[in-house]
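>>> just the structure for this:
(2 chains)
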Amino acid sequence: DTAVSQTPKYLVTQMGNDKSIKCEQNLGHDTMYWYKQDSKKFLKIMFSYNNKELIINETVPNRFSPKSPDKAHLNLHINSLELGDSAVYFCASSQTGIGTGELFFGEGSRLTVL
Amino acid sequence: GQNIDQPTEMTATEGAIVQINCTYQTSGFNGLFWYQQHAGEAPTFLSYNVLDGLEEKGRFSSFLSRSKGYSYLLLKELQMKDSASYLCAFVNQAGTALIFGKGTTLSVSS
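Numbers count the residues shown, from 1 in each chain, chains lettered A, B, ... in the order given. As a prediction, the model looks like this:
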């Protein structure tokens, strides 16, 4: 069983469209995250959720909205996609908060905006 | 502010030892982490240092000096499969997420 799974793995879309990426973890963790990795491989935190409450939002445009129906899921919805949104988006989870820093990452979702 | 600095690229040969350095600046230090990321894959956790000194885990060791804001990852008996990016990270000021450096891409050749 995959611990942290994301869908879709690849997404190609046009500027201006709205898209969602889904994430599910079966580890029983309390905290989930979304990271963005750009073309220069820089991995940057976007959001984290702890027991369905958003606890950080690192200067991310409000076109990005995380949605968590329960603690095992954290989906990312993006409105009005822009060229600069092209990146790999990683979902991750940790047991309780950041703790000892062991994050479990999903395989990533590569978004290409044309 | 918070800042992490590590070399962009390094090369080494099979069987050798390589040291990847990381310097950081942060307030409220809560530990220094190393992650490995193979091309096209997700990052995976390697090590965690919260106290000064060396933590050894098989072929990989990680060192921390809090007073110097310095850490390194030591990889021994290099193998081709060690070719990857190595990311240094620390906890953000709010204590709610990891802040990653830009990573060091290590290329191991035969």
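
>>> C-alpha from now on. contacts and neighbour counts both.
Fine.

>>> now the strands for the chain?
Answering for chain A, as no chain was given. Secondary structure of chain A (DSSP state E): strands at A:4-7, A:10-13, A:19-25, A:31-37, A:43-50, A:53-57, A:64-70, A:73-78, A:87-94, A:104-105, A:109-113.

>>> nope, chain B please
According to DSSP E, the strands that chain B contains are B:3-5, B:9-13, B:18-25, B:32-37, B:44-49, B:53-57, B:60-65, B:70-75, B:84-91, B:98-100, B:104-109.

>>> chain center to the third one: distance?
Distance, stretch centre to chain centre, for strand B:18-25: 7 Å (CA atoms, centre = their mean, to the nearest Å).

>>> can you check the fifth one too?
From the chain centre to the centre of strand B:44-49 is a distance of 8 Å (CA atoms, centre = their mean).

>>> and what of the second one?
Average the C-alpha atoms of strand B:9-13, do the same for its chain, and the two points are 15 Å apart (CA atoms, centre = their mean).

>>> just checking: what are the partner strands of that strand?
strand B:104-109 (parallel) (DSSP bridges).

>>> and the fifth one, by the same measure?
The strands beside strand B:44-49 in its sheet (DSSP bridges) come out as strand B:32-37 (antiparallel).

>>> what's the strand it pairs with in contact with?
Contact partners of strand B:32-37, identified using CA atoms under 8 Å, 6 or more residues apart in numbering or on different chains, comprise A:101, B:43-50, B:64, B:71, B:73, B:84-91.
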